[in-house]
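> Sequence below, structure please.
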Amino acid sequence: MSRLLTSLTLAAGLLASASASAVEVSISCSALGKEYEICKQGVDAWAKKTGNTVKIVSTPNSATERLALYQQLLAAGAGDIDVFQIDVVWTGILGQHLQDLTAKGQSVVGQHLPAMVETSRVDGKLMAMPWFADAGLLYYRTDLLQKYNRQVPQTWADLSETARIIQDGERKAGKGDFWGYVWQGRAYEGLTTVALEWIASYNGGTIVDEKGEITVDNPKAAEALKATSGWVGTITPEGVLNYTEEEARGAFQAGNSAFMRNWPYAWALAQGGDSTIKDKVGIAPLPKGGADGRHAGTLGGQLLAVSKYSKNTDAATDLVMYLTSTEEQKRRAIEGSFNPTIVSLYTDADVTKASPFIGDLRDVFTNAVARPASVTGQNYNKVSTEFFNAVHQVLSKRSQAEQELNRLDRDLKRIKRNGW
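Modelled structure (predicted):
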């Protein structure tokens, strides 16, 4: 009896100790597409494994609104969120408020895509861990290309022509709300990524070059904006000027568009059991800006970072390392078509079976166009805001491309002054 009582006392002590050491960690997860659901599955698995609990904090889908929220919380030194899901261009903006993860991440960071690792560093320190990679892609209706005997567009001129042919044909067949091409046109960070693709595809540069020189006011950039602004109201609905990723996906997935520009996450949803266009979708690199242009998808993706103001730094860091691990990234790739940042997963048999196109995306990510976040540092948000507002003016027919790019050049020089 005494031995039994001793055992029970010891067990109770162990349970009390485990309970006392358990903590609650909060994480911000996007709700874009399947992100919230897939994130919740991952954090629940970690919680079960460690005995800790996790609170998911919902954030705006708009990248611009989410960054503003993060900046407000971090500037106040608030510990409301322990782990932040951040865009690849925010590391330099938020770095002063983040924990240095070099010690924990240095043994595994070499497994990740080099371009994604670079976005995670500030002054050589690893301030975040790569979670999933993104690049802009062209989605197209395979059945409609076959129906109208058209090829996958290789240039923007090809896309414009094919989109018009399919749009006219479908409308004659009774689909009055059918459009040729949908994309992200709202004045927010998403438009920066889209417009950068257009300009880079015409060999018009990257707004600010790697040396910090402002290059956006040039004939090739103007040519790109002239061509793309002509889509609005012809092959693209005027409502696109208020579209983010989900509005574009909604139109395409409902069967109301022949082409769509979006991120890779939309693949799993387009192929879902309830999708109108299941098994009728193809993916390709975005078109070139002419015969002498290039395929240009903007580098995107998300990182996980730990707040400097977290009261549970060790647990928060452990959660980040778990969510960015090979095992978890493989699950996310299979179940949600989130593109891994771990290179070996691009040839993993289970991953390629779930997403047959994923092997081709490694080259897309490797050659993706980076936004000028590193070179402009904490001024990047100002640069991006000026850029997407200028582009929106052109798309809205409120200003001519040359006029707006000239004004943008002056405004960026004012922001730069004597240096970024």
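
> only C-alpha atoms for contact and neighbour calcs from this point on.
Noted.

> contacting residues around the residue nearest to Ala133 when sequence neighbours are not counted?
Of all residues not flanking Ala133 in the chain, Gly301 sits nearest, at 4.2 Å (Cα to Cα, 6 or more residues apart in numbering). Shown in contact with Gly301 (Cα atoms under 8 Å, 6 or more residues apart in numbering): Asp87, Val88, Met116, Trp131, Phe132, Ala133, Asp134, Ala135.

> Asp134 too?
Contacts of Asp134 by Cα under 8 Å, 6+ apart are Trp263, Pro264, Leu299, Gly300, Gly301, Gln302, Asn339, Phe365.

> What's the per-residue pLDDT of it here?
As predicted, Asp134 sits at a pLDDT of 91.

> Tell me how far it lies from Ala270.
Distance, Asp134 to Ala270, by Cα to Cα, to the nearest Å: 17 Å.

> Same check on Ser62?
21 Å.

> Likewise for Ile199?
Taking Cα to Cα, one finds Ile199 at 28 Å from Ala270.

> Of these two, give the one with the bigger neighbour count.
Each of Ile199 and Ala270 has its neighbours counted (other Cα atoms under 10 Å); Ile199 has more, 26 against 22.

> Could you find the closest non-adjacent residue to that one?
Per Cα to Cα, 6+ apart, closest to Ile199 is Ala221, 5.0 Å.

> Looking at the contacts of Asp134, state which has the most neighbours.
Counting neighbours by other Cα under 10 Å, Asn339 leads the contacts of Asp134 with 28 neighbours.

> quick revisit: out of the contacts of Gly301, flag the one nearest to Asp318.
Among the contacts of Gly301, Trp131 lies closest to Asp318 (Cα to Cα), at 14.0 Å.

> Doesn't the closest one belong to a strand?
Yes - assessed with DSSP: H, G, I helix; E, B strand; the rest coil, Trp131 lies in a strand.

> For it, give me its contacts.
Contacts of Trp131 (Cα under 8 Å, 6+ apart): Gly301, Gln302, Leu303, Leu304, Leu323, Thr324, Gln329, Pro340, Thr341.

> For Gly110, state which of the residues you listed is nearest.
Closest to Gly110, out of all of the contacts of Trp131 and judged by Cα to Cα, is Thr341, at 10.5 Å.

> In this structure that closest one contacts Ser120, no?
No - taking contacts as Cα atoms under 8 Å, Thr341 lies outside contact range of Ser120: 11.7 Å.

> For Thr91, grab the count of nearby residues.
The number of residues near Thr91, taken as other Cα under 10 Å, comes to 26.

> My read is that it contacts Pro130, right?
No - Thr91 lies out of contact with Pro130 (Cα under 8 Å); the separation is 11.1 Å.

> what do the two both touch?
What both Thr91 and Pro130 touch, as defined by Cα under 8 Å, 6+ apart, is the set Ser120.

> quick one: low-confidence parts of the protein?
Applying pLDDT under 70 to the chain flags residues 1-20.

> how much distance is there from stretch 247-258 to the middle of the chain?
19 Å (Cα atoms, centre = their mean, to the nearest Å).

> Quote the end-to-end distance of it.
15 Å.

> before we move on, what about stretch 176-191?
With Cα to Cα, one end of stretch 176-191 sits 27 Å from the other.

> Report the buried residues of it.
Using 16 or more other Cα atoms under 10 Å as the test for burial, stretch 176-191 gives 178-191.

> What of stretch 287-300?
Those would be Pro287, Lys288, Gly289, Gly290, Gly293, Arg294, His295, Ala296, Gly297, Thr298, Leu299, Gly300, for stretch 287-300 by 16+ other Cα under 10 Å.

> Excluding chain neighbours, give the residue nearest to Val351 in space.
Closest to Val351 by Cα to Cα, 6+ apart is Ile334, at 5.5 Å.

> list the contacts for that neighbour?
Ile334 is in contact with Asp350, Val351, Ala354, Ser355, counting by Cα under 8 Å, 6+ apart.
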